[in-house]
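Asker: Compute the structure for the input listed below.
(one chain, ligands or ions: 2)
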Amino acid sequence: MNADQECIFCRIVAGEVPADKVLDDEAGIAFLDIGPVAEGHTLLIPRKHAETLADMSEEDAAGLLRNLPRLGRAVQSATGCEGVNVLQNNGSIAGQLVPHVHFHIIPRSPGDEFHFNWPAGAYTEGRIDELAAAIREHL
Ligand code: 5GP
Ligand code: ZN
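Answerer: Numbers count the residues shown, from 1 in each chain. Ligands and ions are numbered 1, 2, ... in the order given. As a prediction, the model looks like this:
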């Protein structure tokens, strides 16, 4: 993808597409999601185009995420919600529609319409240790 021309979030970063920005610094910007799951649903994105989290450098990720606690507190205080979910989708299989990294900050309130299908499973004997070892090898 030509990041500048074709990526809607790069165009928001560049100021070519309007957005209700709430935060703007050298690492990233945050703005209200145009299709909110709940009022105040906010997106935090890096300035530099990266399609998924795996495409970001540690430095860029650290710079972006240092804003997350402060942003989460501000969304919670401004909306009066009881809690927030932070979601970040990578790849269309994971529900990513916009191919520019973004963290969703979603206000949660009693009785809201947002539900997870969280099919918690169980490991067969030894499998959890195998997987932990495999992941450690790849770090
Ligand atoms: P994803 O499914 O990729 O994790 O989420 C993409 C999010 O971006 C959606 O929640 C969608 O409403 C939001 N979005 C897509 N296009 C725009 C836009 O042009 N402006 C804003 N503010 N949000 C957008
Ligand atoms: Zn982009």
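
Asker: how close does the residue of the chain most remote from its centre get to ligand 1?
Answerer: Here the chain has its C-alpha centre computed as a mean, and the residue farthest from that point, by Cα atoms, centre = their mean, is residue 125 with 34.0 Å. Distance of residue 125 to ligand 1, given as Cβ to the nearest ligand atom, to the nearest Å: 36 Å. Quick note: C-beta positions are derived from backbone N, CA and C, even for glycine.

Asker: Could you do residue 91 as well?
Answerer: For residue 91, the distance to ligand 1 equals 10 Å [Cβ to the nearest ligand atom].

Asker: quick thing: my sequence starts at 358, can you match it?
Answerer: Got it, the first residue is 358 from now on, which makes the last one we talked about residue 448.

Asker: nearest spatial neighbour of that residue, skipping sequence neighbours?
Answerer: Excluding the flanking residues, the one nearest residue 448 by Cβ to Cβ, 6 or more residues apart in numbering is residue 409, at 6.3 Å.

Asker: Now the one you found. Its backbone dihedrals?
Answerer: Note on residue 409: backbone dihedrals following degrees, to the nearest 10 are phi -130, psi 170.

Asker: wait, what's in contact with it?
Answerer: Residue 409 makes contacts with 447-448, 453, 456, 458, as judged by Cβ atoms under 8 Å, 6 or more residues apart in numbering.

Asker: One more: residue 450?
Answerer: Neighbour list for residue 450: empty [criterion: Cβ under 8 Å, 6+ apart].
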